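Chemist: got a predicted structure plus its sequence, pasted below:
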Amino acid sequence: MDPHLLRTFVTVADRRSFSAAATELGYTQSAVSQQIAALEADLGLALLHRRPVAPTRAGERLLEHAGPLLLRHRAARADVLRAAAGPAGRPAVAASPLACTPAIMRSLPPGCALRTVARERVAGEIASGAAGLGLVDGIAAPSDPLRLPDVGPLPGFGVVEEETVVVLPDGHPLSHRRGLDLTDLTDALWLRAPVAVPVERLRELAGGGGFRAAFRYDGEDVRTVLNLAAAGHGLVLLPASVAVAAAGAVRGVPLVSPRVVHRVEVLYAEVTGPAAALAAQLRQPPSSTPPGTSASGS
């Protein structure tokens, strides 16, 4: 399959619109239609319903493969270009916001170019050559790797784990608990934000329903998320160190069941050179937040 046609298909399916995809890709709408028709002809299958625009059953299956295929294609191209250019002086680093822990930031050498991006974009930044190394975060069972989409040839490893806490407004009825069980919070209202654990993941962890999203924030600023929690707009599950930084406005009560940790992993593309050297340096685990730390600092 032609990767250019596959990229157009993914964009149309994601935008649910031929015209929106054409605008994003810089094509005419007729060119997008022709590319989708060419891909469908190649496979001999209809991939998109036209009115409304939505993937067919075959299209949904292709979407499962498309992301990893495109990522591998971009990674291969970037790898060839890096090899031809030779080693750079300092690697550019792409990181999801909550992966920027103080201990990890202290491990970055002077002169690094650090850029925060959405969690799901970190691997793509490396594959495209925009970054030589990535830091991505998420929640997982202790010592388990993150559940990331297929990152193709990008090696990776975990560098730090820390306790997760439920962030509550100071004075909330549950704010003085020593620990919380997630199943006791199914009826609570939660914040929906890119840096927060999605309510769908909370339901999965609790093994049931509930966990209604009370407020949606589409930005990546962690302080805004904490301010929204402090104002009573919803609970949020975050690493303990983030809640500690907001002492006085909110309290972070440890999540004791199920036992999950906030984990940061390193992804990189080069096997030699500055990015690989930095990855090796980060492999020495920084100290994590001591268990039991809360936003009150006590």
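Modeler: Yep, that arrived.

Chemist: stretch 119-137: end-to-end distance?
Modeler: 7 Å (C-alpha to C-alpha, to the nearest Å).

Chemist: buried stuff in that stretch?
Modeler: 119, 121-137 (16 or more other C-beta atoms under 10 Å). All C-beta spots, glycine's among them, are computed from the backbone N, C-alpha and C.

Chemist: try stretch 12-23
Modeler: Buried-residue list, stretch 12-23, by 16+ other C-beta under 10 Å: 12-13, 15, 17-18, 20-22.

Chemist: so which residues make contact with that stretch?
Modeler: 8, 11, 24, 27-29, 31-33, 36, 48, 52-55, 59, 63 (C-beta atoms under 8 Å, 6 or more residues apart in numbering).

Chemist: ok now that stretch, how far from the chain's centre?
Modeler: Here the centre of stretch 12-23 is set off from its chain's centre by 23 Å, with C-alpha atoms, centre = their mean, to the nearest Å.

Chemist: stretch 180-189 now?
Modeler: 24 Å.

Chemist: lowest average confidence, helix or strand, in the chain?
Modeler: Every helix and strand in the chain was compared by mean pLDDT, DSSP states H and E; the lowest is helix 57-85, with a mean of 73.

Chemist: next secondary structure after that helix?
Modeler: As assigned by DSSP states H and E, the chain's next helix or strand after helix 57-85 is strand 92-95.

Chemist: what comes up buried for the following helix or strand past that next one?
Modeler: The C-terminal neighbour of strand 92-95 among helices and strands, as given by DSSP H and E, is helix 102-107. By 16+ other C-beta under 10 Å, the buried positions in helix 102-107 come out as 103-104.

Chemist: average pLDDT for helix 102-107?
Modeler: The average pLDDT for helix 102-107 rounds to 85.

Chemist: what is that helix packed up against?
Modeler: Counting by 3 or more C-beta pairs under 8 Å, 6 or more residues apart in numbering; DSSP states H and E, the packing neighbours recorded for helix 102-107 are strand 156-169, helix 274-282.

Chemist: got the CA positions of the first one in PDB?
Modeler: Output for strand 156-169, consisting of C-alpha atoms alone and laid out as PDB, is shown next (Å, rounded to 0.1, in the frame of the first residue of the first chain):
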ATOM      1  CA  GLY A 156      12.500   2.300  25.100                       C
ATOM      2  CA  PHE A 157      12.700   1.600  28.800                       C
ATOM      3  CA  GLY A 158      11.200   2.900  32.000                       C
ATOM      4  CA  VAL A 159      13.100   5.400  34.100                       C
ATOM      5  CA  VAL A 160      10.900   6.300  37.000                       C
ATOM      6  CA  GLU A 161       7.700   5.300  38.800                       C
ATOM      7  CA  GLU A 162       5.900   7.100  41.500                       C
ATOM      8  CA  GLU A 163       2.700   6.900  43.600                       C
ATOM      9  CA  THR A 164      -0.600   8.100  42.100                       C
ATOM     10  CA  VAL A 165      -3.000  10.200  44.100                       C
ATOM     11  CA  VAL A 166      -6.600  11.300  43.700                       C
ATOM     12  CA  VAL A 167      -6.500  15.200  43.600                       C
ATOM     13  CA  LEU A 168      -9.300  16.700  45.700                       C
ATOM     14  CA  PRO A 169     -10.200  20.300  46.700                       C
END
